[in-house]
Each structure stands twice: as C-alpha cells, then as structure tokens.
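Q: Sharing a sequence plus its predicted fold:
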Amino acid sequence: PVVVSAIYGNRAFGAIYTSVMLAGAAGSIGLSSTMAVHFYAKAAGPDGVCVGAACFRPSALVCMAICVAGTLAALALAATEHRLKKERLDQTAQQAEGSAAAGAPSDGEGAALH
C-alpha cells in the first residue's frame, strides 16, 4: 500500500491497489495452471508420470526469468522515481532562491538596517 500511495498518490488508491493485487493473482494462476502443466505433460512419459528435475526445470527457468524481469522493472522504476524526486527538489530550491532574491534589497537599501 505504501508503494502504491507513494507512486500514484491517493486520488484513485483503491482502484490502483486492487489492480496491483489482482495482477499478482492472475499471474500466479496463469503460471501454475497453464505453464507448469504444459511443461510437466511435455516431460512426462507415455504413462503420464514424470520423475526428476526435467519435469519442473523449464517452469522454474521461466519463473526465474519473470522474477529477473520484475527486478529490472523495479530498479528502473526506482531510478525514475529518484530522478523525478531530485528534479522536484531542485525546482523547489530554485523557486526558494528566486523568491529570496526577489525580496532582498538590491541597491544597498538594507545596508543601513544591519
């Protein structure tokens, strides 16, 4: 919930958070009921029984590839968020400097006050 709120804000938090949770559930159903069954059936002998690592290795490799892709996507998102946050902080600092410079005496008027 914190990540969704930090990235997308609170405007449509419920809908976005539900979509994130449903995506994980849909992905796990697709991987377990479709892909794993396909690879097991392909590795099984004529009697439909499979023994050993060959039964599940392709499924494990696909899941590993999906995890690597998810990790890379998370790193890309983190880098983008970091860059955007830095840009916002720089803009805020520039605005603060600009407003401070606009309010400061420019021709020595304030020198007598010190």
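A: Arrived safely.

Q: tell me the contacts of residue 63?
A: For residue 63, the contact set (Cβ atoms under 8 Å, 6 or more residues apart in numbering) comprises residue 31. All C-beta spots, glycine's among them, are computed from the backbone N, C-alpha and C.

Q: helix or strand for it, which one?
A: Secondary structure from DSSP states H and E places residue 63 in helix 57-103.

Q: I'd like the average pLDDT over that helix.
A: Averaged across helix 57-103, pLDDT comes to 88.

Q: same check, this time on stretch 28-40
A: Rounded mean pLDDT across stretch 28-40 is 88.

Q: Now for residue 43, how many residues are close by?
A: Neighbourhood size, residue 43 [other Cβ atoms under 10 Å]: 17.

Q: Would you mind measuring from it to residue 59?
A: 10 Å (Cβ to Cβ, to the nearest Å).

Q: same check, this time on residue 41
A: 11 Å.

Q: Comparing these two, which residue is more hemmed in?
A: Between residue 41 and residue 59, counted using other Cβ under 10 Å, the more crowded position is residue 59 (18 against 11).

Q: in what helix or strand does residue 7 lie?
A: helix 2-8.

Q: Heading C-terminal from that helix, find the next helix or strand.
A: helix 13-30.

Q: So which elements touch that following helix?
A: Helix 13-30 sits against helix 2-8, with contacts defined as 3 or more Cβ pairs under 8 Å, 6 or more residues apart in numbering; DSSP states H and E.

Q: what's in contact with the helix it packs on?
A: 13, 16, 17, 20, 77, 81.

Q: how near is the most centrally placed residue in the chain to residue 67?
A: Compute the mean C-alpha point of the chain, and by Cα atoms, centre = their mean the closest residue is residue 74, 4.0 Å away. Distance of residue 74 to residue 67, given as Cβ to Cβ: 10 Å.

Q: Then residue 46?
A: According to Cβ to Cβ, residue 46 stands 33 Å off from residue 67.

Q: Please identify which of those two sits among more neighbours.
A: residue 67 (10 against 5).

Q: Quick one: residues contacting that one.
A: Contacts of residue 67 by Cβ under 8 Å, 6+ apart: none found.

Q: start at 351 instead
A: I'll keep to 351 as the first residue from here, and by that count the last item is residue 417.
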